[in-house]
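A.B. asks: Let me see the structure of the following:
(chains A and B, ligands or ions: 2)
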Amino acid sequence: MKKFIKVIVWLIAVIGFGVGLYGLYLRFTTGHRMTDYGSYIPWGLWVVFYIYFIGLSAGSFLLSTLVYVGKIERLEKIGKLALFTAFGCLVAALFSIWLDLGHMARVGNVLFHMNLNSMMSWMGILYSAYFAIILIELWFALRIDLIETANTGRGGSAGFAKFLTFGSTDTSAESKSRDHAKLKVLGIIGIPLAIAFHGGVGSLFGVIQARPHWNSGLTPIAFLIGALASGGALLTAVVYIWGPDKNKQKLNEMMKFLGRIVLALVLFDFLLEIAEFLVGLYSVAPAERLPLEAILNGPYWYVFWIIHFALGVVLPAVILFSTAVPKGRPDKNVGGAIAFACLLVAVTFIAVRFNIVIPAQINPEIPGLEYAFSGPGLKFTYLPTTMEWLVSLCITSFGILIFLIGEKLLPIVKNDNREVA
Amino acid sequence: MALIDIEPHEIRQRMINDLQRALKKPVYKRHWAMVIDQAKCVGCTACTTACVAENHLPPGVVYRPVVETEHGTYPNVHKTFLPRPCMQCDDPPCVKVCPAHATWKRTDGIVEIDYNRCIGCRYCISACPYSARTFDKGYFYTDGTPEIMPYEKEPNFEYGKEWPRTDRESSPIGNTRKCTYCIHKVEKGMLPACVTTCIGDATYFGDANDPKSLVAELLSSPRARKLREEEGTKPTTTYLV
Ligand code: SF4
Ligand code: SF4
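C.D. replies: Residues are numbered from 1 along each chain as shown, chains lettered A, B, ... in the order given. Ligands and ions are numbered 1, 2, ... in the order given. Just a heads-up that it's a prediction; the model follows:
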């Protein structure tokens, strides 16, 4: 079954990437002309995908720190998997926001002409630091395994591992404990960093006074909780398929543990959402009301009600309540059910991100502006074009491919921990 | 009516004189300001069009739309018109958010964008409470016809530099763009295009730091209002209501 799922994921990633390449081609040849965002709604689908992936990355990274800093024994074997998932998502997120820029070649200006008053400059700084920390952490976490693979493995994988050891050969217990100490320090630095950068993405929106739907102290917190919920859910699904599964009993127990964490986070995130909706809808100011009304009752109501509420909250919560919460020995199908529920949470979270970015922009800042002058992009409605979807498909598939290829080539989960080695 | 004693035909001459006086001062002592008399505006949108022509604005980019509002119910209705250039805010949120220092408040009051530095992230568009910033996606009016007309490729002269439009990648394509108060004309002693084309003489321009200037007088009118003042952006553009 797992083999089958893996094949399916490979197929989706490869086909998605291939088809998505056409979108990328259009992006590079026609720029932004085939997109639907513009002057009045300046941010579209690629910003949505950016905050979606960055949330997934922050979430699974924060869970990896549970392993290296919190030393939660049950999760010990999935530390590397969490780090690598965070890495794949980070690359996808940065790719997405880079393609969104009007001048991609000038992205360095964010660092060269840094404006410390701008949350976006802070993002530039924090992402660079985060990128570095993930890579260094991954290296220390993989070092011993890389050396072992280089020595015992066969073919390309061994050669690749040997290259990545960068000449390190020490596999003594001493060096191992040194690695662990370093990982702990890196993890400790990583926690505030991950909180800062994802809270920072929330603040990037939260500080925009002109858009009351974003302009709230709760925005960064909601971003963080959302990141933990979606990233945790993705990781749980990934663990089930790619994680250490030799010991079925242990795997199922770990799945239950993760499932409970995800359930709590999903419900907490939903609570924040309810608070935001109730307070916002009480207001009579259109800038507060309109976005919420559009989410609940607008032409794209199904994004909230069906994709998010039904498939992303209710269904997973029911499954998790009935599988992850009951005490006692888990039966053998529990893991799969939990993984399925978590996958639902992770995938449908794109709806939450969509409803954060787009509806906040649909309220004309000057009433009547939409009728004052016409032209492409001078409107307050937005529906992503096929080209935008293709580019996002390409980015998503690229992220998945990074994960799949890395998982094949690197000793992310050691073979002796795998059932199907 | 503005509480000043001036004949309509004298208005432009006086604004030109004010402008010449201001240009003799060092840049940092000027504070360019625009005053729009809503009671005189007839909503003809001549200013919008003049601006498009002056700055060679492509489709999807507009610096000065005229927003119409209808009041009352039929048959007792009337309309008001609100031309909306950039407010050239004294506390501009668009400047604060720019990650590349590509937009800033000049000492003469203009909020400038450096097209060569702007990365096109559009954060400033999100942050402007007046929707005064637009995104140049690289369209031409003659897109979809056999040939892009040469007049569309002619350079504009925003901020006193030349910005030709010969390809679809070079700035200002891919950048955020907004009203500059036609500072390239002003620094050459000419009034902004919207001011000279306004058929109702509803738009005034000059140096707010010069107490003798027409705009300074109008700014002290009891009819003077700023748009969305509660945002704390301290707009320079002022309306007479
Ligand atoms: S009106 Fe908008 S673009 Fe102009 S200075 Fe103010 S915030 Fe910036
Ligand atoms: S679009 Fe350009 S001017 Fe606006 S915030 Fe981004 S870099 Fe700055």
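
A.B. asks: so where do the helices sit in chain B?
C.D. replies: Per DSSP state H, chain B carries helices over the ranges B:8-24, B:46-55, B:93-97, B:123-127, B:150-153, B:183-186, B:193-197, B:214-219.

A.B. asks: Give me the outermost residue of chain A relative to its centroid.
C.D. replies: Distance from the C-alpha centroid of chain A, by CA atoms, centre = their mean, peaks at A:Ala372 (39.5 Å).

A.B. asks: Name the nearest residue to that residue, sequence neighbours excluded.
C.D. replies: B:Pro65 (3.6 Å; CB to CB, 6 or more residues apart in numbering or on different chains). For every residue, glycine as well, the C-beta is placed using N, CA and C.

A.B. asks: and whatever residue of the stretch 251-400 of chain A ends up closest to ligand 1, how many neighbours?
C.D. replies: Nearest residue of the stretch 251-400 of chain A to ligand 1, counting by CB to the nearest ligand atom: A:Glu365, 9.4 Å away. Look at A:Glu365: counted by other CB atoms under 10 Å in any protein chain shown, it has 20 neighbours.

A.B. asks: Quick check: residues of the stretch 1-150 of chain A near chain B?
C.D. replies: By CB under 8 Å from any CB of the partner chain, the part of the stretch 1-150 of chain A that sits against chain B consists of A:31-33, A:35, A:37-40, A:42-43, A:100-103, A:106-107, A:109-110, A:112-115, A:117-121, A:123-124.

A.B. asks: same thing but at 6 Å, please
C.D. replies: Neighbours of chain B within the stretch 1-150 of chain A, by CB under 6 Å from any CB of the partner chain: A:31-33, A:38-40, A:42, A:101-103, A:106, A:109-110, A:113, A:115, A:117-118, A:120-121.

A.B. asks: Can you flag which of the residues you listed belong to helices?
C.D. replies: Secondary structure defined by DSSP H assigns A:Asn109, A:Val110, A:Met120, A:Ser121 of the residues of the stretch 1-150 of chain A next to chain B to helices.

A.B. asks: TSV for these, including pLDDT, distance to B:Phe140 and neighbour count?
C.D. replies: Shown next, in TSV, are these (pLDDT from 0 to 100; distance: CB to CB, whole Å; neighbours: other CB atoms under 10 Å in any protein chain shown):
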residue	pLDDT	distance to B:Phe140	neighbour count
A:Asn109	94	27	25
A:Val110	93	30	25
A:Met120	95	30	20
A:Ser121	95	33	21
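
A.B. asks: Kindly reformat the residues you listed as CSV and extend each row with distance to A:Ile195.
C.D. replies: Output for those, formatted as CSV (distance: CB to CB, whole Å):
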residue, distance to A:Ile195
A:Asn109, 26
A:Val110, 21
A:Met120, 18
A:Ser121, 18
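
A.B. asks: What about the residues of the stretch 1-150 of chain A next to chain B, which are in strands?
C.D. replies: Nothing among those maps onto strands, per DSSP state E.

A.B. asks: Need the mean per-residue confidence for the host helix or strand of A:Glu253.
C.D. replies: Following DSSP states H and E, the helix or strand that holds A:Glu253 is helix A:248-282. For helix A:248-282, mean pLDDT rounds to 93.
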